[in-house]
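**Q** Task: produce atomic coordinates for the following.
(2 chains)
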Amino acid sequence: GQQLNQSPQSMFIQEGEDVSMNCTSSSIFNTWLWYKQDPGEGPVLLIALYKAGELTSNGRLTAQFGITRKDSFLNISASIPSDVGIYFCAGQRRIGTASKLTFGTGTRLQVTL
Amino acid sequence: EPEVTQTPSHQVTQMGQEVILRCVPISNHLYFYWYRQILGQKVEFLVSFYNNEISEKSEIFDDQFSVERPDGSNFTLKIRSTKLEDSAMYFCASSPTSGASYEQYFGPGTRLTVT
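**A** Coordinates of the predicted model:
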């Protein structure tokens, strides 16, 4: 099946630092989505990307859809304690209709004061 | 802000018993999904549902699983005879039919524990 690998698996950073994480796939996706999950809760949608090369921001978050359509990147600027959680990328293949999401392996982010 | 809701938040059942997990998708959404997440692992797709029928299902979604939209608001996942390995968080999601139709919004999940 399709595999989405995220790196790093986990990271400890200090409050105020910028964070970068990425997601790579062996196959092409037409849509990339980034979610954040807090312990015991459902994934919360952060950013959606629809075109190769697209760069989209949501507050301190910026995500890019790789031009090969096989990868995506998420950056968080000036991290704060509430950024703690697991970040998942998710790819979607079908165009023109909603279809299943394939989730990545996740990046666990911990922020220290 | 509208959100997906799920009940119960936690369900404990004995192996071999039937369980029904319930979801109320966002009201103007017409695509519905079930995913599951085994503890410490990634989220996995189970099934998608549109226009009162299954659109797509994964190999996890075998004959023991079924989905239903019994009325205009609820969307249910039934597991007929639970196994220990069905223990997981089950998430319902929904997405709109136009515009941002690729964006799936998730509920808070039901933790299913099979003993």
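**Q** For the rest of this, base every contact and every neighbour count on C-alpha atoms.
**A** OK.
**Q** So what touches stretch A:69-86?
**A** A:14-30, A:32, A:34, A:36-39, A:52, A:60-66, A:89, A:106-113 (Cα atoms under 8 Å, 6 or more residues apart in numbering or on different chains).
**Q** contacts with chain B among the residues you listed, please.
**A** A:G106 (Cα under 8 Å from any Cα of the partner chain).
**Q** Which ones among the contacts of stretch A:69-86 lie within strands?
**A** Counted as lying in strands by DSSP state E, out of these, are A:14, A:19-25, A:32, A:34, A:36-37, A:61-65, A:89, A:107-112.
**Q** Show me just the buried residues among the residues you listed.
**A** Neighbour-count burial (16 or more other Cα atoms under 10 Å in any protein chain shown) applied to the ones in strands among the contacts of stretch A:69-86 gives A:19, A:21-25, A:32, A:34, A:36-37, A:61-65, A:89, A:107-111.
**Q** So which bits of chain B are right by chain A?
**A** So chain B meets chain A at B:31, B:33, B:41-45, B:47-48, B:56, B:91, B:95, B:97, B:101-109 (Cα under 8 Å from any Cα).
**Q** neighbours around A:I67, how many?
**A** A:I67 has 12 neighbours, counted by other Cα atoms under 10 Å in any protein chain shown.
**Q** got it, and B:Y90?
**A** B:Y90 is flanked by 27 other residues according to other Cα under 10 Å.
**Q** likewise B:L112?
**A** Neighbour number of B:L112 under other Cα under 10 Å is 23.
**Q** For it, name its beta-bridge partners.
**A** B:Q11, B:A88 (DSSP bridges).
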